[in-house]
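**Q** what's the 3D shape of this:
(one chain, ligands or ions: 2)
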Amino acid sequence: MSISSTGSSPSSRRNSFRNDAFIDEKDVIDSITNTEMGCLSIVVLGASGDLAKKKTFPALFNLFRQGFLQSNEVHIFGYARTKLSDDDLRERIRGYLIKGAPSENPEILSDFLKLIKYVSGGYDSAEGFLSLNKAISEHELAKNSYGSSRRLFYLALPPSVYPSVCKMIKSYCMNQAVPTGWTRIVVEKPFGKDLASAEELSAQLGELFDEPQLYRIDHYLGKELVQNLLVLRFANRFFLPLWNRDNIDNIQIVFREDFGTEGRGGYFDEYGIIRDIIQNHLLQVLCLVAMEKPVSLRPEHIRDEKVKVLQSVLPINYDEVVLGQYEGYTDDPTVSKDSNTPTFATIILRIHNERWEGVPFIMKAGKALNSRKAEIRVQFKDVPGDIFKCKKQGRNEFVIRLQPKEAMYMKLTVKKPGLDMSTIQSELDLSYGQRYQEVPIPEAYERLILDTIRGDQQHFVRRDELRAAWEIFTPLLHDIEDGKVKSVPYKPGSRGPPEADELAAKAGYVQTHGYIWIPPTL
Ligand SMILES: NC(=O)C1=CN([C@@H]2O[C@H](COP(=O)(O)OP(=O)(O)OC[C@H]3O[C@@H](n4cnc5c(N)ncnc54)[C@H](OP(=O)(O)O)[C@@H]3O)[C@@H](O)[C@H]2O)C=CC1
Ligand SMILES: O=C1O[C@H](COP(=O)(O)O)[C@@H](O)[C@H](O)[C@H]1O
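**A** Numbering: from 1, shown residues only. Ligands and ions are numbered 1, 2, ... in the order given. So this is what the prediction gives:
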């Protein structure tokens, strides 16, 4: 078999099971021995839910319309307890598919919807999973490819049911065509609530499936500029000598949302912002920013380096924590009136290694703030021997804007154009919307689902990574639950508690006053 191409036509993408850009010799051999062809059954468990309709099915549709999923190979099964017909499910998701691809040809939409079948059953019901297996097998037989079937189970479900669902899959729904086919399980966050519960969940799933079959999804790892981090750091000479404690003063990793917990108050009150965003999404970003160069781009090599960073994080110092809760949060009837759950947190993490000793990683996340954005802000130290006396104009910063309006920009000091010899702050700007006008940026879920089909675990969380991540936050989370660390109130629509800005300033972050980067318009 020839190695797949990433050409632009749907037919050439059909065989695109590998990311050719990063293929090495061993991958070539693997791709020859592992043909990855044949019938593909994608099962969305929890198909009646929020994530399925908003993210999972639209991602599958986008893969289909771009030619990555083919009608002659793929079938999609929704499974949940709610009694629905095939058409009911199709109607439920139709609007969300159109929203993501408004100008798509209606025939393509209808071709995609025809691939979807719904099976109703309980999450611990042998009968339900036998019916599901029957439906999958019928599809495999119809496609005449029983010998090489691939089964992908996407658990868009609350984690409480993961163990029983996995047991049912293992008992009744495994691909029978070993070694040519496969069975893979995608699980959504949160993976547990603390170290002990995460370990218990990992042990339960680990008894049923091998690590290469388990894909713990963290959708931030599917974002374009998060995926760019390793390329940026390790393919550019610019950054190699600068990326360390000698040059960098502090790094901020920030997530801000301009809406509250609307509709998800019950879930959120149990988890809070640290479990919802910082322990997973922001910590994954930190790993990619801070890790050493991996031996190669093999998923295991990358994940080995991520684990080392996590294991080097020092215990959190509570003097470097600010927690907040927006006013009005407890008005939600599903939230307890005396809740101490943080909807905002700034937590400084410190990495005890040669590269990062003394550099604060300021992790900030909040709901109901004054803007929606996620970014990494690398602030450099002051220039020694400043002959221009330009400190007042601010420090060099390298900012990676993950969303919205993906961009990277470098804030730097230049001579103010004109006759005067004075300095101003300006920027080198790479705004994706402007630079890559012809390239639609794929949705994170789209990319990650494609990775699961390709068998590429690079952008998924390994079990030891998860353990190391929970080790960092579990003591603080328990102390918040015991009321030993309190959330302070902040106004919805604000920057969060002023104490958070004070903490960042104390850690060394110097705000540049009078300069704001404005994303360029076309
Ligand atoms: N929604 C989102 O934006 C995001 C969600 N996630 C994660 O994805 C997973 C699914 O999220 P989401 O779709 O919002 O969740 P939902 O609450 O919508 O649940 C999904 C489906 O699971 C079934 N279900 C709900 N509660 C229970 C329960 N207590 N016991 C058994 N089954 C239940 C329901 O199906 P039925 O009753 O028909 O069986 C429901 O339609 C969760 O782990 C969540 O944390 C992660 C990132 C973002
Ligand atoms: O996982 C989650 O992420 C979303 C934010 O995702 P984004 O891709 O829009 O940045 C957040 O709203 C939600 O609370 C959380 O569970």
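
**Q** Please list the residues of this protein that sit near ligand 1.
**A** Residues of the chain lying near ligand 1 by C-beta under 6 Å from any ligand atom: 46, 48-52, 80-82, 123, 156-161, 188-190. Bear in mind the C-beta positions are built from the backbone N, C-alpha and C, glycine included.

**Q** Assumed residue 273 was part of a strand.
**A** No: per DSSP: H, G, I helix; E, B strand; the rest coil, residue 273 lies outside any strand segment and is helix.

**Q** By proximity to ligand 1, which residue of the stretch 151-300 of the chain wins?
**A** residue 188 (3.6 Å; C-beta to the nearest ligand atom).

**Q** same check, this time on the stretch 301-450 of the chain
**A** The stretch 301-450 of the chain approaches ligand 1 most closely through residue 445 (9.4 Å), counting by C-beta to the nearest ligand atom.

**Q** list the contacts for residue 153?
**A** The neighbourhood of residue 153, defined by C-beta atoms under 8 Å, 6 or more residues apart in numbering, consists of 43, 45, 169, 173, 183-186.

**Q** try 10 Å
**A** Listed by C-beta atoms under 10 Å, 6 or more residues apart in numbering, the contact partners of residue 153 are 41-45, 77, 79, 132, 165-166, 168-169, 173-174, 183-187, 209, 213, 215, 452.

**Q** Write the ChimeraX selection for whichever of these are buried.
**A** Of those, the buried ones can be selected in ChimeraX as follows, counting by 16 or more other C-beta atoms under 10 Å:
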select :41,42,43,44,45,77,79,132,165,166,168,169,173,174,183,184,185,186,187,209,213,215,452
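
**Q** Run through the contacts of residue 153 and flag the ones next to ligand 2.
**A** Contacts with ligand 2 are made by none of the contacts of residue 153, judged by C-beta under 6 Å from any ligand atom.

**Q** Just the ones of the contacts of residue 153 in helices?
**A** Cross-referencing the contacts of residue 153 against helices under DSSP state H gives 132, 165-166, 168-169, 452.

**Q** Closest one of the residues you listed to residue 60?
**A** Nearest to residue 60 out of the ones in helices among the contacts of residue 153 is residue 452 (C-beta to C-beta; 11.4 Å).

**Q** For the residue nearest to that closest one when sequence neighbours are not counted, list each beta-bridge partner.
**A** In this structure, residue 452 finds its nearest non-sequential neighbour in residue 215, 5.0 Å apart by C-beta to C-beta, 6 or more residues apart in numbering. Following DSSP bridges, residue 215 is listed with bridge partners residue 186.

**Q** list the helices and strands the longest helix along the chain packs on?
**A** Of all segments of type helix in the chain, defined using DSSP H, the longest is helix 463-481. Counting by 3 or more C-beta pairs under 10 Å, 6 or more residues apart in numbering; DSSP states H and E, the packing neighbours recorded for helix 463-481 are helix 195-208, strand 214-216, helix 265-273, helix 283-290, helix 299-311, strand 321-326, strand 344-350.

**Q** Can you tell me the SS state at the closest residue to ligand 2 within the chain?
**A** With C-beta to the nearest ligand atom as the measure, residue 276 is the residue of the chain nearest to ligand 2, at 4.7 Å. On the three-state scheme (three-state DSSP), residue 276 is labelled helix.

**Q** Number of residues surrounding the closest residue to it other than its chain neighbours?
**A** In space, and not counting its chain neighbours, residue 276 is closest to residue 268: 6.5 Å by C-beta to C-beta, 6+ apart. Neighbourhood size, residue 268 [other C-beta atoms under 10 Å]: 23.

**Q** and if you look at the one 10 residues further on?
**A** Burial measure for residue 278: 25 neighbouring residues, criterion other C-beta under 10 Å.

**Q** near ligand 2, which residues of this protein?
**A** Contacts of the chain with ligand 2, taken as C-beta under 6 Å from any ligand atom, map to 219, 257, 276, 374.

**Q** doesn't residue 284 make contact with the last one?
**A** Okay, so that is residue 374. No: using C-beta atoms under 10 Å, residue 374 and residue 284 do not qualify as a contacting pair, with a distance of 11.9 Å.

**Q** Name the residues contacting each of those two.
**A** In terms of C-beta under 10 Å, 6+ apart, residue 374 and residue 284 are both contacted by the residues 220, 226, 253.

**Q** from those, which ones fall inside strands?
**A** Secondary structure assignment by DSSP state E places residue 253 of those in strands.

**Q** Show me where the stretch 101-250 of the chain dips below the pLDDT cut-off.
**A** By pLDDT under 70, the low-scoring segments of the stretch 101-250 of the chain are 144-147, 177-179.

**Q** Many thanks, we can stop here.
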